[in-house]
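Asks: I would like to see how this sequence folds:
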Amino acid sequence: MTDNENPFKLIEPEGQVPESLKKALVSEIDTIRNTSTLIDLFVGNFINTLSASFSGGENSQQES
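Replies: Prediction:
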């Protein structure tokens, strides 16, 4: 198969990516990062709470 027969060789990238596409990509990455942080905090705190409750509350503050 020669270069002329390969349809992917016919695709030429444009010189610049549109600004709207750049902003949309950065926004999507921020959303994924924020969602990941939220899940990490929720799951981490949930596991810590379960761990403290199963250990008999040794890590909790004692009443005066």
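Asks: and residue 41, what element?
Replies: Assigned by DSSP states H and E, residue 41 belongs to helix 19-54.
Asks: Just give me how far that helix sits from the chain centre.
Replies: 7 Å (CA atoms, centre = their mean, to the nearest Å).
Asks: And it, what does it pack against?
Replies: Contacting helix 19-54 under the criterion 3 or more CB pairs under 8 Å, 6 or more residues apart in numbering; DSSP states H and E is no other helix or strand. C-beta here means a position set from N, CA and C on the backbone, and glycine is covered the same way.
Asks: average pLDDT across that helix?
Replies: Helix 19-54 comes out with an average pLDDT of 91.
Asks: which of the residues in that helix are buried?
Replies: Of all the residues in helix 19-54, not one is buried under the rule 16 or more other CB atoms under 10 Å.
Asks: What distance do you get for residue 22 to residue 15?
Replies: Plainly put, residue 22 is 14 Å away from residue 15 if you go by CB to CB, to the nearest Å.
Asks: Ok, residue 36 next?
Replies: Residue 36 is 34 Å from residue 15, by CB to CB.
Asks: Ok, residue 33 next?
Replies: Using CB to CB, residue 33 is found at 29 Å from residue 15.
Asks: Equivalent analysis for residue 41, please.
Replies: 42 Å.
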